[in-house]
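A.B. asks: Give me the fold of what follows.
(4 chains)
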There are 2 protein chains.
Amino acid sequence: MILDAAEACMARAGPAGLRLQEVAEAAGVSHPTILHHFESREGLIRAVHQRSLGQLREMLTAAMTGPGASIQPVAATFAAFREGLAQRMLWMLQSGPPPAGAALPIFEEMVDHLHAIRLRLARPGEAIERDDTRAMVHLTVVAAFGDAVIGQRLRRSPTPEADAEGARRFADWYARLLDDRIG
Amino acid sequence: MILDAAEACMARAGPAGLRLQEVAEAAGVSHPTILHHFESREGLIRAVHQRSLGQLREMLTAAMTGPGASIQPVAATFAAFREGLAQRMLWMLQSGPPPAGAALPIFEEMVDHLHAIRLRLARPGEAIERDDTRAMVHLTVVAAFGDAVIGQRLRRSPTPEADAEGARRFADWYARLLDDRIG
DNA sequence: ACTGCTATCTACAATACTGTCAACAGTTAT
DNA sequence: ATAACTGTTGACAGTATTGTAGATAGCAGT
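C.D. replies: Okay, here's the model as predicted:
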């Protein structure tokens, strides 16, 4: 699939470093074939982003609606960002302004979701601020994103496996931190 | 200055999108002059990263050794990342493997610094885990990085000024969250 | 069978980009 | 003054990259 090949090439140098010849070779076609399907180099990049946007929504929705109140969803969010979501968001950011609206709706859904949980768990008379919930979700997203992008450089793990384990432990630690704040 | 021009050009498309002609024009010189000083395009990019590395260390040290136990340093860290530190780290990440060691020492210093504060504030008999401190610093760095890169897209601020204000409020909120955990 | 459509290819054109070269000016040392 | 060195430049070479054109093959509908 050409889009997969394009993503693989972007992994090396980002959207600006994408080369049609390279994508073509990776996809096992000639480069005019790519131009035939996507109009231009820019069109190919747009198509990659379009697909990424759908995957972003899918992965975050799955993470959010999983079992558990906080630990599980937070761990799933961190995992999703590590498994390519962060890189795709990065590529979209680096390709100029977002295609209108883009990722905001899913973020608002996450806020709604967590706020409902907090209201359900609240002790009678306890005030639950929506801004507070929004900040929690914001922190979770930026931390998951940041950890996916630079986390590996801060951990001094010798192997990728050890790094993945360290990332899991950090996500769990963070989930408990959030839990203390929620409960 | 050529390095400033190179950074300005990178701001558009990252290291992979850097064009010597473009840098030359921005710097007011011809492109062979750049090659004369930096050997090659790669050499120019390396030089930019070398300088960025020094600035990174400088900014984080300044943020860390500022007044206050937690609120001020955390706010300063977030501000530093927003003022270009995050973008420079991103460029370094996108230019292949780091030049050996690179940013780790400053991270360890931050852990030491915060851990000393925690030990000083600890009630007698209270156990302070170093791994816990490390996780706090890790969270602070990845969150500051993440907020600098994607924070603007999550806030729906109409103007850059409003966004900056929102970022400040979020940094304060986070600093208080950390304070509760420390104190 | 013929027509039109789609996907694909090879070959090519036009441009963009990096890096080299020889020349030139300014500065410093002898 | 002259030589050497440094920083700069325009012109150029070689290659890479995007995009175009025409030819070809497969396939569906008539």
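
A.B. asks: residues touching the nearest residue to residue A:168 once chain neighbours are set aside, list them.
C.D. replies: Sequence neighbours aside, residue A:75 is the residue nearest to residue A:168 in space, at 7.3 Å (criterion: CB to CB, 6 or more residues apart in numbering or on different chains). Glycine gets a C-beta too; all of them are placed from N, C-alpha and C. When contacts are counted by CB atoms under 8 Å, 6 or more residues apart in numbering or on different chains, residue A:75 is found next to A:168, A:171, A:172, A:175.

A.B. asks: Surely residue A:86 and residue A:144 touch.
C.D. replies: Yes: the criterion here is CB atoms under 8 Å, and residue A:86 meets it with residue A:144 at 7.5 Å.

A.B. asks: quick one on the thing from earlier: how much space separates the residue nearest to residue A:168 from residue A:109?
C.D. replies: When CB to CB, to the nearest Å is applied, the distance between residue A:75 and residue A:109 equals 19 Å.

A.B. asks: Likewise for residue A:90?
C.D. replies: The gap separating residue A:90 from residue A:109 is 22 Å, by CB to CB.

A.B. asks: Neighbour count: the two, which is higher?
C.D. replies: residue A:90 (22 against 16; other CB atoms under 10 Å in any protein chain shown).

A.B. asks: what does chain A put close to chain B?
C.D. replies: Contact residues of chain A with respect to chain B, defined by CB under 8 Å from any CB of the partner chain, are listed as A:13-17, A:89-90, A:93-94, A:98, A:102-104, A:107, A:132, A:135, A:138-139, A:141-147, A:149-151, A:153-156, A:170, A:173-174, A:177, A:180-181.

A.B. asks: swap the cut-off to 7 Å and go again
C.D. replies: When proximity is defined by CB under 7 Å from any CB of the partner chain, chain A lies next to chain B at A:13-14, A:16-17, A:89, A:93-94, A:98, A:103-104, A:107, A:135, A:138-139, A:141-143, A:145-147, A:149-151, A:153-154, A:156, A:170, A:173-174, A:177, A:181.

A.B. asks: tell me the SS of residue A:97?
C.D. replies: coil (DSSP: H, G, I helix; E, B strand; the rest coil).

A.B. asks: Count the neighbours of it for me.
C.D. replies: One way to gauge burial is a neighbour count; for residue A:97, by other CB under 10 Å, it gives 8.

A.B. asks: again, but for residue A:28
C.D. replies: 9.

A.B. asks: Also the one 3 residues further on?
C.D. replies: When neighbours are defined as other CB under 10 Å, residue A:31 has 16 of them.

A.B. asks: which residues touch it?
C.D. replies: Neighbour list for residue A:31: A:20, A:21, A:24 [criterion: CB atoms under 7 Å, 6 or more residues apart in numbering or on different chains].

A.B. asks: As a markdown table, the residues you listed with distance to residue A:5 and secondary structure would be great.
C.D. replies: Listed next are the contacts of residue A:31 as a markdown table, based on distance: CB to CB, whole Å; DSSP: H, G, I helix; E, B strand; the rest coil:
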| residue | distance to residue A:5 | secondary structure |
| --- | --- | --- |
| A:20 | 10 | helix |
| A:21 | 11 | helix |
| A:24 | 8 | helix |
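
A.B. asks: Going by distance to DNA strand C, which of these wins?
C.D. replies: Nearest to DNA strand C among these: residue A:24, at 7.2 Å, using CB to the nearest atom of the strand.

A.B. asks: how near is the closest one to residue A:95?
C.D. replies: The gap separating residue A:24 from residue A:95 is 20 Å, by CB to CB.

A.B. asks: Also residue A:63?
C.D. replies: Plainly put, residue A:63 is 25 Å away from residue A:95 if you go by CB to CB.
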